[in-house]
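A.B. asks: I'll drop the sequence and a predicted model, then ask my questions.
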Amino acid sequence: MTTQTDYPQPETNYGLLEQPSSAPTMHKETLRMLLHEELARARIRDMHRALDGPRHDLRLARAARRWNRVARWAAMRSRRYSR
């Protein structure tokens with residue numbers, strides 16, 4: 001046999017959600033995990049920079065050429081449609 005308390009009780013705030021707390025709760029384990037993740041990301045970035053040394057300059061030059069082409073195209077399009 002079931003009683004009235006076995007069923008979910010109606011909300012007294014009529015569908016309004018409770019306000020979330022303004023500050024997140026931080027646990028030591030969570031903070032430690034975040035620090036380890038950030039340290040791992042920093043190590044990976046350093047490794048990529050060390051391996052990518054000479055290619056980095058080439059990549060920047062290629063990106064500059066690409067953006068110059070985009071800028072020329074945008075200028076031509078602007079001139080064409082502003083007449």
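C.D. replies: Nice, I can see it.
A.B. asks: Tell me where the longest helix sits in this protein.
C.D. replies: Across the chain, the longest stretch assigned as helix under DSSP state H is helix 53-82.
A.B. asks: which parts of it are buried?
C.D. replies: The neighbour-count check on helix 53-82 (16 or more other CB atoms under 10 Å) flags nothing as buried. Backbone N, C-alpha and C define where each C-beta goes, glycine included.
A.B. asks: What's the mean pLDDT across it?
C.D. replies: The average of the pLDDT scores along helix 53-82 is 91.
A.B. asks: how much space between E29 and R69?
C.D. replies: 50 Å (CB to CB, to the nearest Å).
A.B. asks: Same check on R55?
C.D. replies: 21 Å.
A.B. asks: And for H36?
C.D. replies: 43 Å.
A.B. asks: go on, M47?
C.D. replies: 32 Å.
A.B. asks: Repeat that for I44.
C.D. replies: Distance from I44 to R69, by CB to CB: 32 Å.
A.B. asks: now do R83
C.D. replies: 23 Å.
A.B. asks: Now E38: which helix or strand?
C.D. replies: helix 28-51 (DSSP states H and E).
A.B. asks: quick one, that helix and helix 53-82 angle?
C.D. replies: 90 degrees (axes from the mean of the first three to the mean of the last three CA atoms, to 10 degrees).
A.B. asks: Output the contacting helices and strands for helix 28-51.
C.D. replies: Packing partners of helix 28-51 (3 or more CB pairs under 8 Å, 6 or more residues apart in numbering; DSSP states H and E): none among the helices and strands.
A.B. asks: Run through who's touching that helix.
C.D. replies: With CB atoms under 8 Å, 6 or more residues apart in numbering as the test, helix 28-51 has contacts from H56.
A.B. asks: For it, C-alpha coordinates in PDB please.
C.D. replies: C-alpha atoms of helix 28-51 as PDB (Å, rounded to 0.1, in the frame of the first residue of the first chain):
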ATOM      1  CA  LYS A  28      40.400  21.200  -3.000                       C
ATOM      2  CA  GLU A  29      40.300  18.200  -5.400                       C
ATOM      3  CA  THR A  30      38.600  20.300  -8.100                       C
ATOM      4  CA  LEU A  31      41.200  23.000  -7.800                       C
ATOM      5  CA  ARG A  32      44.100  20.600  -7.800                       C
ATOM      6  CA  MET A  33      42.700  18.900 -10.900                       C
ATOM      7  CA  LEU A  34      42.300  22.200 -12.700                       C
ATOM      8  CA  LEU A  35      45.900  23.200 -11.800                       C
ATOM      9  CA  HIS A  36      47.100  19.900 -13.200                       C
ATOM     10  CA  GLU A  37      45.200  20.300 -16.400                       C
ATOM     11  CA  GLU A  38      46.500  23.900 -16.900                       C
ATOM     12  CA  LEU A  39      50.100  22.600 -16.200                       C
ATOM     13  CA  ALA A  40      49.600  19.900 -18.800                       C
ATOM     14  CA  ARG A  41      48.300  22.400 -21.400                       C
ATOM     15  CA  ALA A  42      51.300  24.700 -20.700                       C
ATOM     16  CA  ARG A  43      53.700  21.800 -21.200                       C
ATOM     17  CA  ILE A  44      52.000  20.900 -24.500                       C
ATOM     18  CA  ARG A  45      52.200  24.500 -25.700                       C
ATOM     19  CA  ASP A  46      55.900  24.600 -24.800                       C
ATOM     20  CA  MET A  47      56.500  21.400 -26.600                       C
ATOM     21  CA  HIS A  48      54.700  22.600 -29.700                       C
ATOM     22  CA  ARG A  49      56.700  25.900 -29.700                       C
ATOM     23  CA  ALA A  50      60.000  24.000 -29.400                       C
ATOM     24  CA  LEU A  51      59.100  21.700 -32.300                       C
END
